[in-house]
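J.: below: sequence and its predicted model.
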Amino acid sequence: MATRIRPSSKRCAVIGGSGFLGRYLVEQLLDRGYSVSVFDIRQGYELPGVTFHLGDLCDKQALLAALQGVSLVFHCASPAPSCDDRALFHRVNVDGTRNVLQTCQEAGVQKVILTSSASVVYEGTDIKDGKEDLPYAKKPIDYYTETKIQQEKLVLEACDTQKGFLTVAIRPHGIFGPRDPQLVPILVDTAKRGKMKFIIGDGTNLVDFTFVENVAHGHILAAESLRPESPICGKAYHITNDEPVRFWDFMSQILVGLDYDPPKYRLPYRLVHVLAMLLWLLVLFLRPVLQLRPTFTPMRVALAGTHHYYSCTRAKEDLGYRPLVSLKDAITRTVNSYSHLRRVA
Ligand SMILES: NC(=O)C1=CN([C@@H]2O[C@H](COP(=O)(O)OP(=O)(O)OC[C@H]3O[C@@H](n4cnc5c(N)ncnc54)[C@H](OP(=O)(O)O)[C@@H]3O)[C@@H](O)[C@H]2O)C=CC1
Ligand SMILES: CC(C)CCC[C@@H](C)[C@H]1CC[C@H]2C3=C(CC[C@]12C)[C@@]1(C)CCC(=O)[C@@H](C)[C@@H]1CC3
């Protein structure tokens, strides 16, 4: 049997560390003097001081090898929300997370920080200044959210102060920033296809968009506050920019910053939502003969036309969290980093 290496408090692993958020976490951890291993299905980059272990988080042996000597684990791996593959979400986010927890316990890991999502309480209707004690969504908006709920429950229920196995969940919302493969590229692509002309609703719905460096910072504060006697054990924390913004103003600022026209024609929310539902029913009806994946879905309409912003008071009080980068600076830095996506005249 292999001998277990004694965990050191400054040795950590980032599962999903090749991804968008994961890489920012790795960079901030290195700056704070941690030694970092990344476990991921792919190697996204090279950085001095980072060891990569490639494998699937559902594979116990591969994960066990990567966790030797590690006392702290950040788990931020997930299939992309857009992939729409129920079986994959369940395998990775639910069964895979169960494997992460068991393997961490076997390897002697003491702390696990999960990247959950604020969407675990969102059902497609308004959430204003939502606190962490809102109930989990009974009707999650998609498979991604359904499995993020199960994942978060597994991780928080595994917290056991007697055994010295401590867990906490961070719930970010609308992560954005340089190197994001989703938000800005999807938005620009939608604008290029001429589909960003309409504002759904009256354009006043507020939403949280959170700069990726603030999200990484929140994770590290949680890790450093997590001790057997601390009140944060087994709890969830919203991490946002603490500056809810009008959804359509945020989208317009990014678009205008990259020389695209902002959406300007208003459509009534209820009408658009009903149309999206009808289209969705048609897609379901045709599914046996025709596989369609429309851009225009009830879930997207809800995201674009409802309030969904969250209180991060609990993170401020328990973790001492404050956003490091303001929304204004975050948008400027993000827009500047995507000069390659700028509209060509
Ligand atoms: N982006 C956002 O706005 C929000 C994200 N979150 C959560 O934050 C976390 C990080 O998101 P983000 O950085 O955007 O996502 P990314 O897709 O950029 O990063 C996730 C990483 O995990 C990897 N991965 C996927 N499946 C496995 C697996 N089975 N085993 C090992 N590695 C795997 C991915 O590889 P590959 O790319 O090849 O799939 C990728 O490198 C996720 O848990 C997400 O649910 C929460 C709220 C908002
Ligand atoms: C998936 C990512 C983490 C975040 C993607 C963010 C945005 C790019 C999307 C969020 C809501 C989306 C949306 C549309 C485009 C892409 C988003 C802005 C539409 C405007 C596309 C055209 C339609 O049919 C509308 C109903 C969509 C409304 C929501």
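T.: Great, that's in hand. Ligands and ions are numbered 1, 2, ... in the order given.

J.: surely residue 298 touches residue 275?
T.: No. Between residue 298 and residue 275 there is no contact under C-beta atoms under 8 Å: 9.3 Å. From N, CA and C alone the C-beta is placed, and that goes for glycine too.

J.: what about these two, which has more around it?
T.: When residue 298 is set against residue 275 and neighbours are counted by other C-beta atoms under 10 Å, the residue ahead is residue 298, at 19 against 14.

J.: how close does the residue nearest to residue 249 when sequence neighbours are not counted get to residue 184?
T.: Closest residue in space to residue 249, ignoring its immediate chain neighbours: residue 203 at 7.7 Å, by C-beta to C-beta, 6 or more residues apart in numbering. Residue 203 is 20 Å from residue 184, where distance means C-beta to C-beta, to the nearest Å.

J.: what is the burial count for the residue nearest to residue 249?
T.: Burial of residue 203, expressed as a neighbour count using other C-beta under 10 Å, amounts to 15.

J.: how about it, phi and psi?
T.: Geometry field for residue 203 lists phi and psi as phi 80, psi 10, criterion degrees, to the nearest 10.

J.: who touches the helix or strand harbouring residue 238?
T.: Residue 238 belongs to strand 236-239 when elements are defined using DSSP states H and E. Counting contacts by C-beta atoms under 8 Å, 6 or more residues apart in numbering, the residues outside strand 236-239 that touch it are 116, 118, 130-132, 152, 156, 168-173, 210, 214-215, 218-219, 222, 310-312, 314-315, 318-319, 321.

J.: which strands border that strand, and is each parallel or antiparallel?
T.: When sheet partners are counted by DSSP bridges, strand 236-239 sits next to strand 166-172 (parallel).

J.: now the strand it pairs with: average pLDDT?
T.: Along strand 166-172, the predicted confidence averages to a pLDDT of 98.

J.: and for stretch 263-279?
T.: Across stretch 263-279, the per-residue pLDDT values average to 96.

J.: what does stretch 60-69 give?
T.: 97.

J.: can you give me the buried ones in that stretch?
T.: When neighbours are counted by 16 or more other C-beta atoms under 10 Å, the buried residues of stretch 60-69 are found to be 62, 63, 64, 66, 67, 68, 69.

J.: how about CSV for those, with secondary structure and distance to residue 108 added?
T.: Formatted as CSV, the entries for the buried residues of stretch 60-69 read as follows, by DSSP: H, G, I helix; E, B strand; the rest coil; distance: C-beta to C-beta, whole Å:
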residue, secondary structure, distance to residue 108
62, helix, 17
63, helix, 13
64, helix, 11
66, helix, 13
67, coil, 8
68, coil, 9
69, coil, 9
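
J.: what two of the residues you listed are the furthest from one another?
T.: Taking C-beta to C-beta as the measure, those span a maximum distance of 15.9 Å, between 62 and 69.

J.: need the contact partners of the strand or helix carrying residue 52.
T.: When secondary structure is defined using DSSP H and E, the element that contains residue 52 is strand 50-54. For strand 50-54, the surrounding residues in contact (C-beta under 8 Å, 6+ apart) are 13, 17-18, 26, 30, 36-43, 62, 65-66.

J.: would you check that the residue nearest to residue 249 makes contact with residue 266?
T.: Yes. A contact is recorded between residue 203 and residue 266 when judged using C-beta under 8 Å, the distance being 6.7 Å.

J.: the stretch 1-150 of the chain: helices as residue ranges?
T.: Assignment of helices within the stretch 1-150 of the chain using DSSP state H, counting those that start in this stretch yields the ranges 20-31, 60-66, 86-89, 96-107, 143-157.
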